[in-house]
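Enquirer: Fold the stuff below for me.
(chains A and B)
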Amino acid sequence: MAFLLDVTFQDINQLESKSSMWIEDEAGASDVLTALKNASNAKILRATLSTPVPLTTITNNDAAAANVETATSKAIIQMRGADAGSSGEPFAHVRVGIPAPIGTLINGLSGDISNAEVQSLKTKVLSKTGVQMDVVESIRYSR
Amino acid sequence: MGQKLTVNVKDVNGLNSKTDFWVNDTVAALGAVQAIANLSNAAVISAYLTHELDISGISNNVAVAANVETVAEKAKIRLSGPDEGSAGATRLTVTVSIPAPVGTIINAETGAVNGALVTPFIGKVTTYNCLTTDTVDKVYYSRSR
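Expert: Coordinates of the predicted model:
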């Protein structure tokens, strides 16, 4: 399995650019990053590594002609993290888009936040800063 | 720190779309992909997890005003894999872009294929299906984003 390495560069005049390539393993990433830096006058701003998620175990994974067929129509599930209490921090929020949502998720402009699948999804979603989602706030329709 | 999960879907009419959010690990990613499949009339066609790499160990990581300052100018290093011989398969090629290349890589329209700054990519860069490169075919100059 190959890994996709994405590297963002910034030059002396703050212009940014990106270079992407596949590498054999995660251990080899640091060697490639060093080789890239040695070859460039620009600074490496950030680097990310992507790995495929195997889909062979996913069930019910067929496209269906149903209430909403098109993948550009989405149910937007808004979630938030737990109340930080006395620390007074704002809630961490996340929105997850569900392309071509099924009718039992949303059937109009809003959906049922107690939907079992949505509640299951909530337990797996984090904010960008790593805060676990705790409450589904709303489900709405978006195109 | 979580990892970013990107899920690509295709509907029954062949239209593609994607959704992305953060999850904790591969197990959570699989559960989330299953939930997406259950909640959507579209089929999940691919999914991948992305995490940040620690770049603090890269030495000399500062931008320099030198021969080529701008990252819009790139040296392109084209690498290839081994000859498949009697299998008759197409010889794989991979291109690595170097923004704002240093002068010892390229200093005109082309550069040396055996340069010390070029050869470290051999064997470490692969195709998407993990076929390894073993040769630098050419180094050339390109202006692009």
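
Enquirer: Do a quick rundown of the helices in chain B.
Expert: Using DSSP state H, the helices of chain B run over residues B:26-39.

Enquirer: In it, what helix or strand scores lowest on average pLDDT?
Expert: Across the helices and strands of chain B, mean confidence by mean pLDDT, DSSP states H and E is lowest for strand B:110-111: a mean of 87.

Enquirer: now stretch B:67-81, how far from the centre of its chain.
Expert: 14 Å (C-alpha atoms, centre = their mean, to the nearest Å).

Enquirer: who are the neighbours in contact with A:Glu69?
Expert: Applying C-beta atoms under 8 Å, 6 or more residues apart in numbering or on different chains to A:Glu69 gives the contacts A:Ala100, B:Asp11, B:Val12, B:Asn13, B:Asn41. Every C-beta, even on glycine, is put in place using the N, C-alpha and C of the backbone.

Enquirer: now with 10 Å?
Expert: Going by C-beta atoms under 10 Å, 6 or more residues apart in numbering or on different chains, A:Glu69 touches A:Ala63, A:Ala100, B:Asp11, B:Val12, B:Asn13, B:Leu15, B:Asn41, B:Ala42.

Enquirer: Domain map for chain B?
Expert: Listed by automatic domain parsing, the domain ranges of chain B are B:3-50, B:73-143.

Enquirer: could you redo the ones you listed as CSV and give each row distance to chain A and mean neighbour count?
Expert: Shown next, in CSV, are these (distance: least, C-beta to the nearest C-beta, whole Å; neighbours: other C-beta atoms under 10 Å in any protein chain shown):
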stretch, distance to chain A, mean neighbour count
domain B:3-50, 4, 20
domain B:73-143, 4, 17
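
Enquirer: looking at those, which one has the lowest mean pLDDT?
Expert: Of all the domains of chain B, the minimum mean pLDDT falls on domain B:73-143 (a mean of 87).

Enquirer: Quick check, A:Pro101 in contact with A:Ser73.
Expert: Yes. Counting by C-beta atoms under 10 Å, A:Pro101 touches A:Ser73, with 7.5 Å between them.

Enquirer: tell me the mean pLDDT over the longest helix anywhere in chain A?
Expert: In chain A, taking DSSP H as the definition, the longest helix is helix A:29-39. In this model, helix A:29-39 has a mean pLDDT of 93.

Enquirer: Tell me who's in contact with the spatially most central residue of chain B.
Expert: Chain B has B:Val96 as the residue nearest its centroid, 7.9 Å off, counting by C-alpha atoms, centre = their mean. Residues near B:Val96 by C-beta under 10 Å, 6+ apart: A:5, A:7, A:19-21, A:32, A:35-36, A:39, B:74-79, B:118, B:121, B:124-125, B:133, B:136, B:139.

Enquirer: Narrow the residues you listed to those in strands?
Expert: Counting by DSSP state E, these place A:5, A:7, A:19-21, B:74-79, B:125, B:136, B:139 in strands.

Enquirer: Out of those residues, the closest to A:Gly108 would be?
Expert: Nearest to A:Gly108 among the ones in strands among the contacts of B:Val96: A:Ser20, at 41.1 Å, using C-beta to C-beta.

Enquirer: Tell me what that closest one is bridged to.
Expert: Bridge pairing for A:Ser20 (DSSP bridges) gives the partners A:Asp6.

Enquirer: neighbours around it, how many?
Expert: 13 (other C-beta atoms under 10 Å in any protein chain shown).

Enquirer: Do I have it right that B:Val136 meets B:Arg78?
Expert: Yes. Between B:Val136 and B:Arg78 there is a contact under C-beta under 10 Å: 7.3 Å.

Enquirer: Give me the common contacts of those two.
Expert: The contact sets of B:Val136 and B:Arg78 overlap at B:Val96, B:Val113 (C-beta under 10 Å, 6+ apart).

Enquirer: For the least confident helix or strand of chain B, which strands pair with it and how are they oriented?
Expert: Using DSSP bridges, the strands paired with strand B:110-111 are strand B:135-143 (antiparallel).

Enquirer: Dump the C-alpha coordinates for the partner strand into PDB.
Expert: Taking C-alpha atoms only, strand B:135-143 is exported to PDB below (Å, rounded to 0.1, in the frame of the first residue of the first chain):
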ATOM      1  CA  THR B 135      15.700   5.600 -12.400                       C
ATOM      2  CA  VAL B 136      15.700   9.300 -12.900                       C
ATOM      3  CA  ASP B 137      14.700   9.900 -16.500                       C
ATOM      4  CA  LYS B 138      15.000  13.600 -16.700                       C
ATOM      5  CA  VAL B 139      15.000  16.900 -14.700                       C
ATOM      6  CA  TYR B 140      13.400  19.800 -16.400                       C
ATOM      7  CA  TYR B 141      12.000  23.300 -15.700                       C
ATOM      8  CA  SER B 142       8.400  24.200 -15.400                       C
ATOM      9  CA  ARG B 143       6.400  27.200 -14.400                       C
END
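
Enquirer: Fine by me, we can end here.
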